[in-house]
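Peer 1: sequence? don't have it. structure:
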């Protein structure tokens, strides 16, 4: 197709949107001013909601940080207590083993060795059972104390949610 055959209709006076009157109808048979007012109102509402949402998120973030800090601090104290208890048990078990070896060196007959070994086995079994009980109790205490701040916070959030 050549340029000579092309017929283009050009409007030499395009409408100037800035020069349009406030009641000039456009597109959807609504005045231009009314449409922009609706969009402005929606935009203002969305900005207000976004600001409120951000503020609420800041508050919630600070609360979660405080709860996690408290829980972590409790957990760290518990871990230190647990480690101290393990060291205490290790020292007691080492002392018991050295006592056994000391007594074993003083035995004179095989029957004394068997008797001493049986007594030591009974003593070790009782000590191990008691140590296991203590470790389980300490572990339960640490877990409960570490979880309490989170449980309280969650309960508070549920209570707040029930008000809505």
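Peer 2: Noted; the coordinates are in hand. Computed from a predicted structure; not experimentally measured.

Peer 1: now the nearest residue to residue 103 once chain neighbours are set aside, what's its secondary structure?
Peer 2: Closest residue in space to residue 103, ignoring its immediate chain neighbours: residue 116 at 5.6 Å, by C-beta to C-beta, 6 or more residues apart in numbering. For every residue, glycine as well, the C-beta is placed using N, CA and C. Here residue 116 is helix, with the state taken from DSSP: H, G, I helix; E, B strand; the rest coil.

Peer 1: Please apply the same query to residue 107.
Peer 2: Counting by three-state DSSP, the backbone at residue 107 sits in coil.

Peer 1: about what we covered before: give the contact list for the residue nearest to residue 103.
Peer 2: 100, 103-104, 107 (C-beta atoms under 8 Å, 6 or more residues apart in numbering).

Peer 1: Can you tell me which of these has the most neighbours?
Peer 2: Counting neighbours by other C-beta atoms under 10 Å, residue 100 leads the contacts of residue 116 with 17 neighbours.

Peer 1: And that residue, how far from residue 124?
Peer 2: 9 Å (C-beta to C-beta, to the nearest Å).

Peer 1: what residues are up against the most centrally placed residue in the chain?
Peer 2: The centroid of the chain falls nearest to residue 68 when counting by C-alpha atoms, centre = their mean (6.9 Å). With contacts taken as C-beta under 8 Å, 6+ apart, residue 68 has the following neighbours: residue 150.

Peer 1: And residue 133, how close does it get to residue 93?
Peer 2: Note on residue 133: its distance to residue 93, by C-beta to C-beta, is 15 Å.

Peer 1: Lovely, talk soon.
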